[in-house]
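Peer 1: I'll drop the sequence and a predicted model, then ask my questions.
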Amino acid sequence: MSMNTQGRPTSPESVSMSSIETVSGSRGLLQHEDLLFEIGTSETTGVDLPAPKGTKNRLGGVTRKVPTGLPGLSEPQAVRHYMRLSQKNYAIDLGLFPLGSCTMKHNPRLNEKMARLPGFGDIHPLQPQATVQGALELIDELATWLKTLTNMPAVAMSPKAGAHGEFCGMMAIRQALIARGEVETRKRVLVPESAHGTNPATAVQCGFIVDEIKANKRGRVDMADLKAKLEKSDDIAGIMLTNPNTCGLFETDIKEIADLIHAAGGYFYCDGANFNAIVGRVRPGDLGVDAMHINLHKTFSTPHGGGGPGSGPTVLSEALAPYAPVPFVVKDADGMYRLVEDIEGVASESFGRMVAFHGQMGMFVRALTYILSHGADGLKQASEDAVLNANYIQARLKKVMTAPFEGYCMHEALFSDAFTAEGIETIDIAKALIDEGYHPMTMYFPLVVHGAMLIEPTESESKAELDRFCDALESIARRAAQGDEALKGAPYLAPMRRLDETKAARKPVLKWAEPEEAPPVAAE
Amino acid sequence: MTRYTQPTTFYTEDHEWVTVHNDLATVGITHYAENALGDIVFVELPEVGAEFAPGDDMAVVESVKAASDVYAPIHGKVVEVNGALSDKPETVNESPTEKGWFCVLEIKDGAEIAGLMDEAAYKAYCETL
């Protein structure tokens, strides 16, 4: 037989280190990483190319005379830098990402495969339209799905984010008011106090004045307050409302709200950020909605950020459809797809153009892939599973945490900090969750609930994963209820300990600067 | 109508304090408000010359937690603002009722002062919250 002659031990021995500080700054296989400026120097370069022959400097007097100061890095240095940073990050591909209101759901790999097909991935928006008929058809087909799922007659595909979609919807409302000759008089937009911050911002950006509506004890719009605000109605431009709302609750009076707004001569903008909770169950068009953006990254599983701009197609009612922005795709009688780009003919009442080209093609491909791979029944099931998962979390955790509103929730479970002992706050619970290997939940939002913790598991998670998460949060919540002071120091195990948010906001360091040389030690 | 020849301080339900002295009213936010907001990181002040009605958004305070509007407590025209807050917003936390004042209003209607709370009433009000 062959012998283990090198004396290599094959089982661990029970010895522990007294200190976990390391010389390199790395912790185990989690590498310490400096800034790019600290790794490379401006004297080194990552490429070694011969000087080009037979070329002449044509920059004349504008040639740079001082060095850029940018560090030169070799390819392995640059690759390792970003790889190491990515290891310090948290991602939906790593684990449950419970950020309420953000819908951090799985991005199916099939979406990615389709988006990389050369016919979608390698085309250019300035190509002749005859050569990109498939791409235009895809935009048109996605538009048809979005109109069908919302029961709305028109959709603007070009907005590049949720807030951009809000801007599109409010601009359409503004244009409708211009057409009615009432844009100078109808200035007031009602916004519930639980709204996403982008709602009032959009209204103001479009020249409207925001009037806040209160929430009732059930976390919904206070109808008495709404009616009082509508008593004087000749200055009402509309309402901006999220449904399900930011407390994760369905606005049960939504139809009456829509009727009241319409009777007052205003329009109903619905923030579609939470459409993922109701796809296949509720059609916004049936609720009296005039405009609603759809975050493709929330409801239709495209990546957040989208490797560039996101995408926020905005559906419009009959009343607002004529004012939709250009460009949009139409199918001609001969079966050819065509872009309407000029403000004339069918687009003569359009409020204008919002983006340089036609929208975020990569996101369109991914969203349609998601839609087609799920089918209408699958989309409905995804909504139902998202709601079921959130209710599972609510049911498990409300035994130890405080659920501020009675009854079932929609796609996200909301808790207040009422259960915590004096001195322990929401942020301590969030930071302790990092030590358990989870990204924290959304905290201190919505503003209508004290110390809010908003948890959105999405339909992507299995029951086993939900249980693992609930076990972790439940244990932290119990410690918070008992006043465990150790929570104030969390996170203990993350690459960075608790950061000073106040100092970061008051004295932000926005630019790297050469460290000042240490002053010479004074001679004695 | 009382004319306040000595500085006298009143309060609103939205936690602004108003120190009235002759025709001028100095406005800031109370200790209760700055404590609830947490560390203040930004203050947006009104412009000198701006005119406000009660309840108008007059200034903005931003803490790490949230941004909040500061409402005008009475009708008035801004005659002076505390520019030092732009560089040192933490002053509002450190000295809310003295160095952390926001602006001085020229009082339009002295009768409005009667609608504000005095210190005892404000203290009682805070205890109900």
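Peer 2: Yep, that arrived. Numbering: from 1, shown residues only, chains lettered A, B, ... in the order given.
Peer 1: So for stretch A:202-211, what gets flagged as buried?
Peer 2: By neighbour count with 16 or more other C-beta atoms under 10 Å in any protein chain shown, stretch A:202-211 contains the buried residues A:202-203, A:206, A:208, A:210-211. For glycine as for every other residue, the C-beta is placed from the backbone atoms N, C-alpha and C.
Peer 1: Kindly report the same for stretch B:46-53.
Peer 2: Here stretch B:46-53 shows B:46, B:50, B:52 as buried, counting by 16+ other C-beta under 10 Å.
Peer 1: Run a quick neighbour tally on residue 102.
Peer 2: In the absence of a named chain, this looks at chain A. 20 (other C-beta atoms under 10 Å in any protein chain shown).
Peer 1: The chain in question should be chain B.
Peer 2: For residue B:102, using other C-beta under 10 Å, the count is 24.
Peer 1: Which phi and psi values does the closest residue to residue A:362 other than its chain neighbours adopt?
Peer 2: In space, and not counting its chain neighbours, residue A:362 is closest to residue A:115: 5.1 Å by C-beta to C-beta, 6 or more residues apart in numbering or on different chains. Phi and psi for residue A:115, reported as degrees, to the nearest 10, are phi -70, psi -20.
Peer 1: and residue A:115, what does it touch?
Peer 2: When contacts are counted by C-beta atoms under 8 Å, 6 or more residues apart in numbering or on different chains, residue A:115 touches A:121, A:362, A:365-366, A:369.
Peer 1: how much space is there between whichever residue of the stretch 151-300 of chain A sits closest to chain B and residue A:393?
Peer 2: Chain B sits closest to residue A:197 of the stretch 151-300 of chain A, with a gap of 8.3 Å, by C-beta to the nearest C-beta. Using C-beta to C-beta, to the nearest Å, residue A:197 is found at 25 Å from residue A:393.
Peer 1: Return the list of helices and strands in contact with the top helix by length along chain B.
Peer 2: Ranked by residue count, the top helix of chain B under DSSP state H comes out as helix B:119-127. The helices and strands touching helix B:119-127, judged by 3 or more C-beta pairs under 8 Å, 6 or more residues apart in numbering or on different chains; DSSP states H and E, are strand B:8-11.
Peer 1: could you redo the last one with a cut-off of 6 Å?
Peer 2: Counting contacts by 3 or more C-beta pairs under 6 Å, 6 or more residues apart in numbering or on different chains; DSSP states H and E, helix B:119-127 is packed against no other helix or strand.
Peer 1: Excluding its own residues, what touches that helix? List them.
Peer 2: With contact meaning C-beta atoms under 6 Å, 6 or more residues apart in numbering or on different chains, helix B:119-127 is reached by B:11, B:32.
Peer 1: Which residue ranges of the chain form helices?
Peer 2: Chain wasn't specified; assuming chain A. Using DSSP H, helices in chain A cover A:36-39, A:75-88, A:109-115, A:118-121, A:133-150, A:162-179, A:198-205, A:223-229, A:254-263, A:296-299, A:361-397, A:426-435, A:463-482, A:501-506.
Peer 1: my bad, chain B
Peer 2: According to DSSP H, the helices that chain B contains are B:31-37, B:84-87, B:91-94, B:119-127.
Peer 1: Find the residue at the geometric middle of chain A.
Peer 2: Closest to where the C-alpha atoms of chain A average out (C-alpha atoms, centre = their mean) is residue A:102, at 4.9 Å.
Peer 1: Give the residue spans of the stretch 51-200 of chain A that score low on pLDDT.
Peer 2: Applying pLDDT under 70 to the stretch 51-200 of chain A flags no residue at all.
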